[in-house]
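Q: build me a model:
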Amino acid sequence: MERLPKLAVFDLDYTLWPFWVDTHVDPPFHRSSDGAVRDRRGQAVRLYPEVPEVLRRLQDLGVPVAAASRTGEIEGAKQLLELFDLDRYFVHREIYPGSKVTHFERLQQKTGVVFSQMIFFDDEKRNIIDVSKLGVTCILVQNGMSLQTLTEGLETFAKAQAGP
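A: The predicted model follows:
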């Protein structure tokens, strides 16, 4: 797979973890004595199981990673990235309400990577539609981010680079 993206961008809610950080859980979050990440009520919160390996794989391939989330629970989302020890993989974080198009415009400004050299993983069809109009290769995530979704996404990106 010689044609790799210059930036891989991930949504957070229902892409890296199976909940909406501003609705289904109760920030602030902490790591309990048993090592679990828990919310204010003590409810355990988890990632989708293959997420750390997905991010490691991209790191091993030399592909930088960014987050693009429309959540209103900005601090909670950042806290989860830290507690799950994922923040080390993310070179940029665009986490605030609004259009994902704005997130991508800011990522392009910050990184200098053109849209056609980015890949985006998100569980919401409307975000996929909006961002794909920019020329980003967009992959709809169903049932959480997995190694299979990553592999299929990278193949789709490589085919798009090869042209018709």
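
Q: how about the strands in the chain?
A: 7-10, 30-31, 37-38, 44-45, 65-69, 90-95, 118-122, 137-140 (DSSP state E).

Q: other SSEs contacting the last one?
A: In terms of contact count using 3 or more CB pairs under 8 Å, 6 or more residues apart in numbering; DSSP states H and E, strand 137-140 is assigned the packing partners strand 118-122, helix 125-132, helix 147-162. Every residue, glycine included, has its C-beta placed from N, CA and C.

Q: in its sheet, which strands sit next to it, and in what direction?
A: Paired strands of strand 137-140, with direction, are strand 118-122 (parallel) (DSSP bridges).

Q: could I get the strands of the chain in TSV, plus columns for distance to Gln161?
A: TSV is the format used below for the strands of the chain (distance: least, CB to CB, whole Å):
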stretch	distance to Gln161
strand 7-10	14
strand 30-31	40
strand 37-38	37
strand 44-45	37
strand 65-69	19
strand 90-95	21
strand 118-122	10
strand 137-140	9
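
Q: in CSV: these, plus mean neighbour count.
A: Shown next, in CSV, are the strands of the chain (neighbours: other CB atoms under 10 Å):
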stretch, mean neighbour count
strand 7-10, 26
strand 30-31, 13
strand 37-38, 19
strand 44-45, 16
strand 65-69, 24
strand 90-95, 18
strand 118-122, 25
strand 137-140, 21
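
Q: on that earlier part again, most packed of the helices and strands packed on strand 137-140?
A: Most buried of the helices and strands packed on strand 137-140, by mean neighbour count (mean count of other CB atoms under 10 Å): strand 118-122, with a mean of 25.
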